[in-house]
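Colleague: Below are the sequence and a predicted model; questions follow.
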Amino acid sequence: MIYLLYGEEKYDLYKFVDKIKSKFDKLKTGVNLFYITKENINELESIASTVTFFGQNKLIIIKDTNLKFDIKKLILNCDKEDIYLIIEDNIDKRTTEYKELSKSIDVKEFKHLNNKDMVSYMINTLKMYKLSISYDNAQYMADICGEDKSNNINELKKLVAFLNTGEIVSKDTIDKICVKTLNSKIFDMLDFAVNKDKHKAIDMLDELLKQKEPVIKISVMLYKQIKYLYMIKYLKGKNTKDINSILEIHPFAFGKLNKVSDKYNLEYLRMLIDKFDKYDSKTKIGEIDFEIGLKQIICMM
């Protein structure tokens, strides 16, 4: 039994791994549980052919190798009683290795829930704990907490611990208890800048820096949002339909960016992109400080 597991939703992926592990009475590393990475991939063949003590079946977890091992030999020579879990973050389906594996084994992709399903998941989870939340507030929570299921489960647990049975989850409670994702915070910073409240935008940047968020990471994420604004504005000018689907932007983020794009013309957005490009070049050669340069761009918006 060989499985290829990949995708961005790690919570569901590792729940599947735990389910497979539960099939074994006892698992002990080096006895009937083996981990293979690119550092010890050369040991795969000998581990696969090893007979375990007392004839136990093996669980072999092959992780982050980019499928750089002899796929055909594994499929032909593996013991049918053993279980192999091949785990990758991302998969290039064009590669020979993937095509070879997908013909012969069980391939499972673990995707993030889409926005609608995440909202339903939040509502139903809170209902299990006898808490209620409106659709709009569940939507708001999904928007600020992001699409990572594991993170959202932690935020839901905090609400359950904070509230009493039968209470309603309000927007104020969400703001008090739940932690916004960095992306959501940066969007708020962009929103302040666009609405000419530069002081709040700068204050928010300072707060993120106090929280030890890397200024380079913040600048890259803000730059990405500016590029999205430009692409949305450009495609709207071409009367393109289904822009959200084309750009593959989270529905809530698209709704906000779509509104913001109306406040700028295409040339000004192009100028902001150029400013970011120059900022990137100048910071790399030490001509300008990362933080000062980013604050200058924010004040320019």
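Modeller: Structure received.
Colleague: count of neighbours near residue 165?
Modeller: 8 (other C-beta atoms under 10 Å). For every residue, glycine as well, the C-beta is placed using N, CA and C.
Colleague: Can you tell me the SS state at the nearest residue to it once chain neighbours are set aside?
Modeller: Leaving out its chain neighbours, the residue that sits closest to residue 165 by C-beta to C-beta, 6 or more residues apart in numbering is residue 130, at 4.6 Å. Of the three states, residue 130 takes coil under DSSP: H, G, I helix; E, B strand; the rest coil.
Colleague: what about the strands in the stretch 1-150 of the chain?
Modeller: Residue ranges of the strands in the stretch 1-150 of the chain, as given by DSSP state E, counting those that start in this stretch, are 2-6, 33-36, 59-63, 83-88, 106-109, 132-133.
Colleague: pLDDT value on residue 167, please?
Modeller: In this model, residue 167 is scored at 95, pLDDT.
Colleague: show me the contacts for the closest residue to it other than its chain neighbours.
Modeller: In space, and not counting its chain neighbours, residue 167 is closest to residue 131: 6.0 Å by C-beta to C-beta, 6+ apart. When contacts are counted by C-beta atoms under 8 Å, 6 or more residues apart in numbering, residue 131 is found next to 159, 160, 163, 165, 166, 167, 168, 169.
Colleague: re the thing from before, which of the strands of the stretch 1-150 of the chain sits closest to residue 23?
Modeller: Taking C-beta to C-beta, strand 83-88 is the member of these nearest to residue 23, at 7.4 Å.
Colleague: How about residues contacting the closest one?
Modeller: 1-6, 13, 17, 20, 23, 57-67, 74, 78, 101.
Colleague: Now do the residue nearest to residue 167 against residue 168, distance only.
Modeller: Distance of residue 131 to residue 168, computed by C-beta to C-beta, to the nearest Å: 8 Å.
Colleague: Please, which helix or strand holds the residue nearest to residue 266 when sequence neighbours are not counted?
Modeller: In space, and not counting its chain neighbours, residue 266 is closest to residue 233: 5.2 Å by C-beta to C-beta, 6+ apart. Per DSSP states H and E: residue 233 is located in helix 215-237.
Colleague: Give me the contacts around that helix.
Modeller: Here helix 215-237 makes contact (C-beta under 8 Å, 6+ apart) with 182-183, 186-187, 189-190, 205, 208-209, 243, 246-247, 249, 253-254, 257-258, 260-261, 264-266, 269-270, 272-273, 276, 279-280, 290-291, 294.
Colleague: Great, nothing more from me.
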